[in-house]
Every structure is written in C-alpha cells, then in structure tokens.
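from the sequence below, what's the structure:
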Amino acid sequence: MWRNRALMLFDRVSVPVAVCDVYGSVQVANPAMAAECGTTPGRLRGQDVLDLFQPQESIQVERIAQALRLRHRSRYQVSVRWRAPDGAERYGELTADPVSDTVEDTPALLVMLRVQGEGEPRGDRPGEDTPAQVTPIEARILALLAGGATTAHAARETGLSTDGVTYHLRRLSARWNAANRTELVARAYAVGVLAPGVWPPTPAPVADSM
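Residues are numbered from 1 along each chain as shown. Predicted coordinates for the structure are as follows:
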C-alpha cells in the first residue's frame, strides 16, 4: 500500500527521493534523484545509495545499520558529499525512514536527499568557523550542553523531542568533525558561538549583519 502511494508521487516531486532495501540498494528513484547522479531513474536500480552519496562520518552509517538490525523504526540522517553531473562537489543530508506494510515485515528505506551547498561545508574550511554557521536553536542546545544538560533536559528547554535534539547534535558533529559532545562544546567556545566568561552558558550576541 505505502509503496503504491509513494510511486504515484515520485515523478511529481522536485525533492530527490528513492526507495532502497534495508541494505541500501536502490529499488526505485524519482527523476530528481537521478538528476543528482547524472543518469536516469532506471539506471539507478541496484546501485548502493552510499556509493552514490559518500557519508562524511562512517559512525553514522554504523549506528543506522545497528538500529535496523534491531528493527528500530526511527528517522535517520547521514551527512553526505557527492559529485554533481556538472563536476561540482556538493554536500547535503540523506534522510532515511524505514517503511513497510506491517511492523513484522523487513522494512524498506524511503530516502530523501537535501542539498545544502557546493564545495566543502563552510565549517570545514580554515578560518570560516563562524557563529553564522549555527542556527539559534543549535546555539541554545550547545549552551545547555555546556551547562551540563542531558539530551532530555535540552529537549524540555527547547521544546524539541529528544530525537530532535540528537538530530541537531549530529548535524553539528558532522559540520565540525567533532567526535563527542565535549569537543562540540569546546568548538562552540573557540569559534564564538558561546559567550566566554558567562555562567550559566549562553549563546554569544548575534551581529546585525548575521
């Protein structure tokens, strides 16, 4: 049922979308996804989505694989890079949602690609780790973490779910190549996202130009 409905919408949406099996092999893709790969939807069939879009952090993929083996059904995000048909290096995020007709069935993965930019993410370039690369909600989460907040506490304070907080932390970790939360907080102070010498920790004032 879900597959038939998805296929009816595939050709109409401009967002790159594909359905993959649980191992990441493309079963069907829409024209927008094929365009990002410089091919046609039919030629994407059978290709590994993680060969088409290179993960920035292997640990993200390992965690998803483990969760799927345990039959967890959550939304998963993977930061990726790839080469566009015009030769430009792009970066963005793959979102994978397990889908199936019943909870007992082995799920397929509904994969959507969000293009975030071209070249290296600005946060990866020397001298460009600026507060402008952090959203207000990300800055608030970082301030809460710096004060010792747990994921659950940060969720309550920001009005997000715990999955929402984890999502933002994963994006920050991928953007800054941070190995853990301690490194994330240290990086936030180093690049001026958090105000120095203030307790409890707070985001730094935002310049008018931002």
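
residue ranges with poor pLDDT in this protein?
The model of the chain has pLDDT under 70 over residues 1-11, 58-73, 100-106, 119-133, 206-210.

tell me the domain ranges of it?
The chain resolves into domains spanning 2-119, 124-190 when parsed by automatic domain parsing.

report the buried residues of stretch 85-98.
For stretch 85-98, a neighbour-count test (16 or more other Cβ atoms under 10 Å) marks 90-96, 98 as buried. C-beta: built from backbone N, CA, C; applies to glycine.

hmm, back to that, okay if I get the domains of the chain as a markdown table plus distance to residue 197?
Output for those, formatted as a markdown table (distance: least, Cβ to Cβ, whole Å):
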| stretch | distance to residue 197 |
| --- | --- |
| domain 2-119 | 32 |
| domain 124-190 | 10 |
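
wait, which of these is closest to residue 205?
Evaluated with Cβ to Cβ, the domains of the chain place domain 124-190 nearest to residue 205, the distance being 9.3 Å.

any idea how far the closest residue to residue 194 other than its chain neighbours lies from residue 173?
Spatial nearest neighbour of residue 194, chain neighbours left out: residue 188 (4.7 Å); criterion: Cβ to Cβ, 6 or more residues apart in numbering. Using Cβ to Cβ, to the nearest Å, we find residue 188 at a distance of 12 Å from residue 173.

which of the two has more neighbours?
The residue with more neighbours, out of residue 188 and residue 173, is residue 188; 27 against 21, by other Cβ atoms under 10 Å.

was I right about the more buried one contacting residue 196?
No: between residue 188 and residue 196 there is no contact, the gap being 10.6 Å when judged by Cβ atoms under 8 Å.

can you map out the strands along this structure?
Chain-ordered strands for the chain, with DSSP state E as the definition, fall at 17-20, 26-29, 54-55, 76-83, 89-99, 108-118.

list the contacts of residue 14.
By Cβ atoms under 8 Å, 6 or more residues apart in numbering, residue 14 lies in contact with residue 32.

may I have the phi/psi pair for it?
Here the main-chain torsion angles of residue 14 (degrees, to the nearest 10) amount to phi -90, psi -10.
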